[in-house]
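**Student:** coords please:
(chains A, B, C, D, E and F)
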Protein chains: 4
Amino acid sequence: MPRTAEQFEQLKGERRQALLGVARRVFARKGLAAAKIGEIAAEMGISYGLVYHYFPHKESLFAAAIEDALQAWEAFFADVQRTPGTPWERLETVCTRMIQSVQESPETLLLVVRALTEDEAPRAVRDALARYKRHCHEQIAGLIAEGQRTGDVAPGAPLDIARALMALVQGLAISRAMDEHAPPLPLEVLLRLVKAGTPPAAETRRRAPASPSRLART
Amino acid sequence: MPRTAEQFEQLKGERRQALLGVARRVFARKGLAAAKIGEIAAEMGISYGLVYHYFPHKESLFAAAIEDALQAWEAFFADVQRTPGTPWERLETVCTRMIQSVQESPETLLLVVRALTEDEAPRAVRDALARYKRHCHEQIAGLIAEGQRTGDVAPGAPLDIARALMALVQGLAISRAMDEHAPPLPLEVLLRLVKAGTPPAAETRRRAPASPSRLART
Amino acid sequence: MPRTAEQFEQLKGERRQALLGVARRVFARKGLAAAKIGEIAAEMGISYGLVYHYFPHKESLFAAAIEDALQAWEAFFADVQRTPGTPWERLETVCTRMIQSVQESPETLLLVVRALTEDEAPRAVRDALARYKRHCHEQIAGLIAEGQRTGDVAPGAPLDIARALMALVQGLAISRAMDEHAPPLPLEVLLRLVKAGTPPAAETRRRAPASPSRLART
Amino acid sequence: MPRTAEQFEQLKGERRQALLGVARRVFARKGLAAAKIGEIAAEMGISYGLVYHYFPHKESLFAAAIEDALQAWEAFFADVQRTPGTPWERLETVCTRMIQSVQESPETLLLVVRALTEDEAPRAVRDALARYKRHCHEQIAGLIAEGQRTGDVAPGAPLDIARALMALVQGLAISRAMDEHAPPLPLEVLLRLVKAGTPPAAETRRRAPASPSRLART
DNA sequence: TATGAATGAGCATTCATTCAT
DNA sequence: CATGAATGAATGCTCATTCAT
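**Tutor:** Predicted structure coming up:
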């Protein structure tokens, strides 16, 4: 019996997580107002009534999905922070994975965008977003500041650069929302926001752009 | 009374424009689904019924507001194109005014974002958006290509850089939506995406980004 | 000036009549609830506001159109009454012109049907209808009674036969409403309801069971 | 719990049928446009929202109610067809039951009238009506043709006589709509449309019919 | 008169949420 | 736990009616 109870608990937890995943996708696609509980339930393969066993109402499900998405980002930064390597390397990692994220799971970013643009977001969501924003900005700004000290990153207010990075990434997610065949942004382009214009020691190493450049893609 | 008739026509046109303006604001703030016709009407100071004298239904008002916003952008680029000056100067103008736009009338950009993320956008809107996107990208990419020829702009696929610029600007508009006291992004930061570094930019150390992203959770 | 005023009056009267004609058509086609003032106005070539110069509201226009249609019928019967000839000849005339009416101006009959089936008809309409019904029935029943005396009309309660005639005609009008290419009902068929089965002097008239038999009921 | 599931299904079906019954009544009384969903729901004792669990919108409920009513008529004719007896007996049955129907459930006929006079009927309804009309006419005309062969039915295009019968019955239903105390039409009167006069029908006085008569139009 | 802008009651329809089974 | 019938608040939209011009 305790085993069964445990399993129940676990099952419930898994269900909840799955539900969050589906909700994330649906909310990202439609937004809070246009998303229908029934749609989420259908996409989960459960009855819409069952959704209310896990979340008291739509807003709470939305909020939970947001928190989930935000935690993923925070975990990501924590992960990067733990990673060894020079600040520049870690910045590259961050940028690389941001682009990857835009390509592979734009819903997460899109959901964050939905939350940010939600006019009637409950306080909890609002706070979580503010925390998330501050956290992301601080993490990136920290790397940038370090990078500036090592000379790998161009000068400028680190926070501004961090804001620009995040904005750019969110903007890319929106583009993907409209056109899911949009090619990824070359890493170099993103790195331009941070990379120092000239090598710290000033030599002449590289010129050719390393990415497949598509000069005309109409 | 042709004069009166004319005035009527004009008055009607003005009313329609005013309505579009209000609609743009409300739709930008709430999105298509959450915006209520009654709210728009109230913000206009008219009865909700009157809205239907100008637009047959909410979607068409939304579409018209979008169209309006997009035309503003296209007009802006046409304007820049006509402006004399070096490519670089014109790029600076574009960037400056984009930042300005984010600060002063983020609703326009936000409305575009709403349209881009609208899952059920009618074909007309979808087409207008595609046209707008192509147009903006081409304009900016054109300037960038010219700038690259004069050596003012860093190498890289012009279209990619243009995409990055637009994405960044849209991302900034979203930030503004959440926090209207957010300071403007310094022009220099935005210009980093385009400006040529010191002569032939250098690179060292680059390794392949290693860690598997946990952000992508399918 | 008095001439002008008179003309105005006359013009107004003509307009009113024309309006009634259009209203009759539209109400016949759509019914009271589904007919739109704007539609009637448009079909008249005037603005919908002007309709309210002639009739205070839709119901009154409907009522007036009904009265108009009913008067046409009553005038028709008065006309027949004045006509010289045997009762049978006048019955033929009545039937002929009823069929003609179904073919040429089914709207009038259809409008009457609309009025009869109108659940929320104002008292005035209801009264007019009752009067019309009584009047028509009496006129026809009178002719039938006379015809029975001359032996041209088959026996049977004259009022019942009159009801049947009117019902048949209204039913035909409905058929026309659905299919405007429906051919006219041959006069002979309609006359069967009235015509005596055998010459007045003949014998051996009837054999078949005259009583209502209910052979099978599911 | 297959039993429960079955019962659910059955209950749902019953509810749907009951709703159709109520809808038939209300639509017959008010017509499509004037009938309010709330009214139907109230008359059912359910909330208006629940109506939409059974039918997606008012039109479909209307259509279903029509379909239902028409099927009742078609079933009736099929039933008569299966009944043994001479053509004349079956004709009597048909007429008897038509009169009965007018007295006992005029809503069914009235609903058909509503459908026939509905200007904006959806194609499905229009088709069903056309089918119904053809079916009824053919059935009756068939009996009439047989009856003519046995000499019980007067000569004349069977289809015309069938049309007259149906029209008469529909007209009676309309009368009932206005006055529910109207006495039933005596069967003899209705039968006059069909019954043969004296043997090979004698005629005197008859002048040429003034209207273009098409005696045979099958 | 004539017009059509303006208003708002009224109604169809949707969908979050509850709850009996 | 699961289901989906049931409810009703909320909102889009229509259209009769009024009224300034």
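**Student:** Which strand or helix spans the nearest residue to residue A:111 once chain neighbours are set aside?
**Tutor:** Nearest residue to residue A:111, sequence neighbours excluded (Cβ to Cβ, 6 or more residues apart in numbering or on different chains): residue A:28, at 4.2 Å. Where you see a C-beta, it was placed from the backbone N, CA and C, and this is true even at glycine. According to DSSP states H and E, residue A:28 maps onto helix A:2-34.
**Student:** pLDDT averaged over that helix - what is it?
**Tutor:** Per-region confidence: helix A:2-34 scores 86 on mean pLDDT.
**Student:** List the buried residues in it.
**Tutor:** A:16, A:19-34 (16 or more other Cβ atoms under 10 Å in any protein chain shown).
**Student:** and the next element down the chain from that helix?
**Tutor:** Counting by DSSP H and E, what follows helix A:2-34 is helix A:37-44.
**Student:** Now the element after that next one, going C-ward?
**Tutor:** Heading C-terminal from helix A:37-44 (DSSP H and E), you reach helix A:48-54.
**Student:** Identify the residues contacting the helix or strand that that next one is followed by?
**Tutor:** Scanning forward in sequence from helix A:48-54 by DSSP H and E, the next helix or strand is helix A:58-82. If you take Cβ atoms under 8 Å, 6 or more residues apart in numbering or on different chains as the criterion, helix A:58-82 is touched by A:19-20, A:23-24, A:27, A:32, A:35, A:37, A:40, A:51, A:54-55, A:90, A:93-94, A:97, A:108, A:111-112, A:115, A:122, A:124-125, A:128-129, A:131-132, A:135-136, A:139-140, A:143, B:211, B:213-215, B:217.
**Student:** same check, this time on stretch A:21-40
**Tutor:** If you take Cβ under 8 Å, 6+ apart as the criterion, stretch A:21-40 is touched by A:19, A:43-44, A:48, A:51, A:58-59, A:61-62, A:64-65, A:68-69, A:106-108, A:110-111, A:114, A:118, A:120, A:177, B:30-34, B:117, B:119-120, B:217.
**Student:** let's see it at 7 Å
**Tutor:** A:43-44, A:48, A:51, A:58, A:61-62, A:65, A:68-69, A:107-108, A:110-111, A:114, A:118, B:31, B:33-34, B:119 (Cβ atoms under 7 Å, 6 or more residues apart in numbering or on different chains).
**Student:** same thing with stretch A:133-142?
**Tutor:** Against stretch A:133-142 from outside (Cβ under 7 Å, 6+ apart): A:73, A:74, A:77, A:81, A:94, A:158, A:159, A:162, A:163, A:165, A:166.
**Student:** And the residues you listed, which of them are buried?
**Tutor:** Buried members of those, counted by 16+ other Cβ under 10 Å: A:73, A:77, A:94, A:158, A:159, A:162, A:163, A:165, A:166.
**Student:** Pipe those into a markdown table and attach secondary structure, distance to residue C:195 and pLDDT per row.
**Tutor:** Putting these into a markdown table (DSSP: H, G, I helix; E, B strand; the rest coil; distance: Cβ to Cβ, whole Å; pLDDT from 0 to 100) gives the following:
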| residue | secondary structure | distance to residue C:195 | pLDDT |
| --- | --- | --- | --- |
| A:73 | helix | 93 | 87 |
| A:77 | helix | 100 | 86 |
| A:94 | helix | 101 | 94 |
| A:158 | helix | 107 | 96 |
| A:159 | helix | 103 | 96 |
| A:162 | helix | 101 | 96 |
| A:163 | helix | 97 | 96 |
| A:165 | helix | 98 | 96 |
| A:166 | helix | 95 | 95 |
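**Student:** Report the two of the residues you listed separated the most.
**Tutor:** For the buried ones among the contacts of stretch A:133-142, the farthest-apart pair by Cβ to Cβ is A:73 and A:158; their separation is 18.4 Å.
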